[in-house]
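Student: sequence-free structure coming up:
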Ligand code: SF4
């Protein structure tokens, strides 16, 4: 899942990579080359889109495109869109309006700008985009960005022949997997995303992902392992395995009698890579938490003790209406199994509040489940219908004020749990992977094994290392502390045995 549809910590990032991270060793976009063309990608949505944007930048680096800081400076602008949020396409059209002015200004000054729309809105509304925004040159779906060079050439020919309104649309689900055609990825910092699975066959009734991203596809294990080794050779200390439904992974096996590997087996192999200290995966579906994957949390020290496992609701009735294929008791059982193999396992979840037909009793069931499980993090949202999904035409719409009041209640419960979880770390020493600069000068920020954001005063030499931090203060969303050990002389192996 792209974090579960509807309900992720969605963001809009500017530029090719996340703001605040550094462009680090090995990045293969040729920044600042004197005569390079400039590329600006605006990314909406989840980690999958961040990964896709980075891979599009990798593809275009081969054509000489370097990163631009602003769309106004770019020769090519890509909007990598997300269809999960409400009014997603309106936002895209409004951004396209701004780009029309920029493109026109460039043209008046004798320059040019290629405008492309990628991602899930492009997949869902390709023809409409070209009709309403004829200055768009290229519309491409999530499965075709390896064909960008060819599309740019076709768009240039179309522009020469007829000008506006002749945009190139490529929103197929091609038989050849795009990963076979992508260049080796670059790296921005010590934590790298690696896409292992795409698409979803679950068809939750509120979600557009199965329609925009297509059927489940898993990359062969050998390709994943090769990419992971490459990322580690560039300096990655942590790899986050990505998939819309990542724990449904079933890739062709690598050099074994088995035909396919599940995610647990893949993680065990990745953990053997020298220098790789941390492994995470996101986002998972409860039905795909098989025994081997649960056991890996106990057996593989590099697999971090934090799992984002969306439950969405604590009511069996609502879960059935969502077509989630499990009930609250099954979710509780999985949480127990994970904590039986790793006692410090922290869970995060997504919640949809006010799903059609949700009664006050259903909502109480959700609150009860939250109290029972105890979440380290959670993202909760009011239900809002996505056009074309079964839930968008379901009876039993909940009044908006009632949704807002249930959401506020749930969020206050979740905030209290997050704070309590974080406060449990005050006075303890926690290994932190420093992967970004802090908000203030002289600050670095990183992540604990439990995905807590940790801020410290530290000099740049700590960037990319894992160092112990003595936690002094806890807030709902972050920890602060001081460095408790000097920089490790060489990359550590995995951090400590599982509990
Ligand atoms: S259909 Fe369900 S399982 Fe699939 S991506 Fe959407 S929310 Fe996740």
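Tutor: Structure received. All values reported here derive from a predicted model rather than from experimental measurement.
Student: The ligand versus residue 307, what's the distance?
Tutor: 15 Å (CB to the nearest ligand atom, to the nearest Å). The C-beta positions use only the backbone N, C-alpha and C, and glycine is treated the same way.
Student: wouldn't that residue be in contact with residue 348 here?
Tutor: Yes. The pair residue 307 / residue 348 is scored as a contact, 7.1 Å apart, by CB atoms under 8 Å.
Student: Have a look at these two and say which one is more surrounded.
Tutor: Counted by other CB atoms under 10 Å, residue 307 and residue 348 do not tie: residue 307 has more neighbours, with 27 against 22.
Student: Could you find the closest non-adjacent residue to that one?
Tutor: In space, and not counting its chain neighbours, residue 307 is closest to residue 347: 5.8 Å by CB to CB, 6 or more residues apart in numbering.
Student: With residue 95 instead?
Tutor: residue 79 is the one closest to residue 95 (CB to CB, 6+ apart), at 5.9 Å.
Student: can you map out the helices along this structure?
Tutor: 47-61, 88-108, 119-132, 148-162, 209-212, 221-234, 263-270, 291-299, 316-321, 328-341, 360-373, 400-423 (DSSP state H).
Student: Could you pull up the contacting residues of the residue located most distally from the centre of the chain?
Tutor: Ranked by distance from the centre of the chain (CA atoms, centre = their mean), the top residue is residue 161, with 39.1 Å. Listed by CB atoms under 8 Å, 6 or more residues apart in numbering, the contact set of residue 161 is empty.
Student: quick one: it and residue 154, what's the gap?
Tutor: 11 Å (CB to CB, to the nearest Å).
Student: So the closest residue in space to residue 65 that isn't next to it in sequence versus the ligand, what's the distance?
Tutor: Excluding its sequence neighbours, the residue lying closest to residue 65 (CB to CB, 6+ apart) is residue 39, at 3.9 Å. Using CB to the nearest ligand atom, we find residue 39 at a distance of 29 Å from the ligand.
Student: same check, this time on residue 331
Tutor: From residue 331 over to the ligand (counting by CB to the nearest ligand atom), the distance is 14 Å.
Student: Compute the number of surrounding residues for the nearest residue to residue 351 once chain neighbours are set aside.
Tutor: Spatially, and ignoring its direct neighbours in sequence, residue 351 is nearest to residue 380 (4.0 Å; CB to CB, 6+ apart). Neighbours of residue 380 under the rule other CB under 10 Å: 21.
Student: Contact partners for residue 380?
Tutor: By CB under 8 Å, 6+ apart, the contact set of residue 380 is 7, 350-353, 407, 410-411, 414.
Student: possible to save the residues you listed as JSON lines with pLDDT?
Tutor: Output for these, formatted as JSON lines (pLDDT from 0 to 100):
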{"residue": "7", "pLDDT": "39"}
{"residue": "350", "pLDDT": "97"}
{"residue": "351", "pLDDT": "98"}
{"residue": "352", "pLDDT": "97"}
{"residue": "353", "pLDDT": "98"}
{"residue": "407", "pLDDT": "98"}
{"residue": "410", "pLDDT": "98"}
{"residue": "411", "pLDDT": "98"}
{"residue": "414", "pLDDT": "98"}
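Student: can I get the helices of the chain in TSV with distance to residue 186?
Tutor: Converted to TSV, the helices of the chain look like this (distance: least, CB to CB, whole Å):
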stretch	distance to residue 186
helix 47-61	6
helix 88-108	25
helix 119-132	20
helix 148-162	16
helix 209-212	26
helix 221-234	7
helix 263-270	19
helix 291-299	29
helix 316-321	41
helix 328-341	34
helix 360-373	38
helix 400-423	33
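Student: closest one to residue 73 among these?
Tutor: Closest of the helices of the chain to residue 73 is helix 88-108, at 9.7 Å (criterion: CB to CB).
Student: re the thing from before, which strand residues bridge the residue nearest to residue 65?
Tutor: Beta-bridge partners of residue 39, counted by DSSP bridges, are residue 67, residue 76.
Student: same thing with residue 434?
Tutor: Assigned bridge partners for residue 434, using DSSP bridges, are residue 446.
Student: Residue 474 now?
Tutor: Bridge pairing for residue 474 - DSSP bridges - gives residue 479.
Student: Any idea how many residues pack against it?
Tutor: Neighbours of residue 474 (other CB under 10 Å): 21.
Student: okay, it: pLDDT?
Tutor: With respect to pLDDT, residue 474 scores 98.
Student: quick one: contacts for the closest residue to residue 276 other than its chain neighbours?
Tutor: Leaving aside its chain neighbours, residue 276 sits nearest to residue 232 (5.1 Å; criterion: CB to CB, 6+ apart). Neighbour list for residue 232: 239, 273-276 [criterion: CB under 8 Å, 6+ apart].
Student: For PyMOL, what selects the buried ones among these?
Tutor: The buried residues among the contacts of residue 232 can be selected in PyMOL (16 or more other CB atoms under 10 Å) with this line:
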select buried, resi 239+273+276
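Student: Of the contacts of residue 232, which is the nearest to the ligand?
Tutor: Of all the contacts of residue 232, residue 239 has the smallest distance to the ligand: 21.4 Å, by CB to the nearest ligand atom.
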